[in-house]
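Novice: Please find the sequence and the predicted model below.
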Amino acid sequence: MFGKKIRLFTLFGFEVNIDFSWIIIAILIAWSLSTGFFPYEYHNLSAQTYWLMGIVAALGLFISIIAHEFSHSLVARAQGMSMKGITLFIFGGVAEMGEEPPNARAEFYMSIVGPLSSIAMALLFYWLYAVGDHSGWPVAINGICKYLAIINGILAAFNLIPAFPLDGGRVLRSILWRIRGDLNWATRISSQIGSFFGVALIVYGFYRVFSDNLFGGMWMILIGLFLQNAAQTSYQQLIARKVLEGESVRRFMKSDPVTVEPDTTIEQLLEDYIYHYHFKMYPVVDSGNLLGCITVKQVKQVPKEQRHERTVGQLRLECSADNTISPEEDALRALSNMNRTGISRLMVVEDRRLVGIVTLKDMLRFLSTRLELEG
């Protein structure tokens, strides 16, 4: 879903990131507000005032989306779900869950609190607007409060649409899950509705493009494509989790991984390993004991003139829970680690000895074969 993410801060134990796409959209929002919305609504203000209103309003939208996603994360954590963090991207924000909700009740509370928080913020900003309008606050301040009241109301209404993976779709899934007790069925139905809604937005977007609004129509098409893809992907991810449930890492690992000795030079590593096997990471092993790992990213940082004398042992990274796993660990844990860290190869370790490598590619191949044979 995301490209390059920038870490902003950590609050209440949640890491807040911003995708590069959000920076672009934030600039466009500030520009459109400064040159379109505010000049149309409020006449005879200076260009500097319009730009200040646009920038402050865009920051207010940023804070509103953060608050919306934080409400999801706090309730999810209270319900026992692990949350990886919050990321703002081109279509808004997302609270990244490391796993499916444990039950329908937890999903309902986690999902409904987002729109409720947006409604609360809409009411708060409208109250500020009403107070300011009655007390004679500057037009610029009142205009910003009114805009934030409107945009939070729109955010709440859009998220309440019962189309998965929107909040409303998750609320619908929780209700279906509670009624029938079948998460697969509930996800399939809510995902189909989400996919249908995405197609409807795409069709409406094309209508807008060829009728009266090129920019608005293109935006609708993009949102529709995103929702359709997200709905289908969410269901596929759930099926993948069900297929892997109960399988151990040992089943998927390769017991004869390519390893590197610590006294290997970087030059030898390049010629005999990286250019030959094309892996991004290599375990560093001495007499069967895992000392750490070395990555292509580290090798790139070594100047060419030093590669014949620098060794793998000097550059190796220490092992951590991010890049190692036990052979008896559940395969879902391995998949979750890969998803959380972006690492596609994990070292399988038992009593400090490397016993194998498990890769995302091998797990996906198993999923594909099993789904093809068993449906």
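Specialist: Looks like it came in fine. Numbering: from 1, shown residues only.

Novice: pLDDT wise, what is G98 at?
Specialist: Per-residue confidence for G98 comes out at a pLDDT of 63.

Novice: low pLDDT regions in the stretch 1-150 of the chain?
Specialist: For the stretch 1-150 of the chain, applying pLDDT under 70 flags the ranges 1-4, 89-93, 95-96, 98-99.

Novice: give me that answer again for 90
Specialist: 1-29, 32, 36-37, 43-44, 62, 66, 69-70, 72-74, 76-102, 136 (pLDDT under 90).

Novice: Which residue ranges of it form strands?
Specialist: Taking DSSP state E, counting those that start in this stretch as the criterion, the stretch 1-150 of the chain contains strands spanning 5-11, 14-19, 83-89, 92-97.

Novice: Not counting residues beside it along the chain, what's closest to M363?
Specialist: With CB to CB, 6 or more residues apart in numbering as the criterion, M363 has its nearest non-adjacent residue at 5.4 Å, and that residue is F252. C-beta here means a position set from N, CA and C on the backbone, and glycine is covered the same way.

Novice: sorry, back to before: got the strands of the stretch 1-150 of the chain as CSV, with mean neighbour count and distance to R333 columns?
Specialist: Formatted as CSV, the strands of the stretch 1-150 of the chain follow (neighbours: other CB atoms under 10 Å; distance: least, CB to CB, whole Å):
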stretch, mean neighbour count, distance to R333
strand 5-11, 12, 23
strand 14-19, 20, 20
strand 83-89, 21, 14
strand 92-97, 20, 15
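
Novice: per-residue confidence at D212?
Specialist: D212 is given a pLDDT of 75.

Novice: quick revisit: list just the one of the strands of the stretch 1-150 of the chain that sits closest to H278.
Specialist: strand 5-11 (25.7 Å; CB to CB).

Novice: List the strands paired with that closest one, with their directions.
Specialist: strand 14-19 (antiparallel) (DSSP bridges).

Novice: Enumerate every residue touching H68.
Specialist: The contact partners of H68, by CB atoms under 8 Å, 6 or more residues apart in numbering, come to 93, 114, 117-118, 121, 155, 159.

Novice: Grab the two from the residues you listed that are most spread out in space.
Specialist: Farthest pair in those (CB to CB) is G93 and M121. Separation: 13.6 Å.

Novice: Could you report the pLDDT at V358?
Specialist: Confidence score, pLDDT, at V358: 91.

Novice: Could you report the neighbour count for the closest residue to S344 other than its chain neighbours?
Specialist: Excluding the flanking residues, the one nearest S344 by CB to CB, 6+ apart is L360, at 4.1 Å. Neighbourhood size, L360 [other CB atoms under 10 Å]: 16.

Novice: distance of L360 from R345?
Specialist: Distance, L360 to R345, by CB to CB, to the nearest Å: 7 Å.

Novice: quick revisit: and the residue nearest to S344, how far is that from F70?
Specialist: L360 sits at a distance of 30 Å from F70 (criterion: CB to CB).

Novice: same thing with P115?
Specialist: Taking CB to CB, one finds P115 at 14 Å from F70.

Novice: which residues of the stretch 251-375 of the chain fall in strands?
Specialist: Going by DSSP E, counting those that start in this stretch, the stretch 251-375 of the chain shows strands at 281-286, 289-295, 324-325, 345-350, 353-359.

Novice: quick one: which of those is nearest E100?
Specialist: Once the strands of the stretch 251-375 of the chain are compared by CB to CB, strand 324-325 is nearest, at 20.2 Å.

Novice: Give me the average confidence score over that closest one.
Specialist: In the prediction, strand 324-325 has an average pLDDT of 90.

Novice: Who are the packing partners of that strand?
Specialist: Here strand 324-325 touches helix 331-341, strand 345-350, going by 3 or more CB pairs under 8 Å, 6 or more residues apart in numbering; DSSP states H and E.

Novice: quick check: angle from the first one to strand 353-359?
Specialist: It stands for helix 331-341. Interaxial angle, helix 331-341 versus strand 353-359 (axes from the mean of the first three to the mean of the last three CA atoms, to 10 degrees): 70 degrees.

Novice: and helix 331-341, how far from the chain's centre?
Specialist: Distance of helix 331-341 from the chain centroid (CA atoms, centre = their mean, to the nearest Å) equals 14 Å.

Novice: That'll do, ta.
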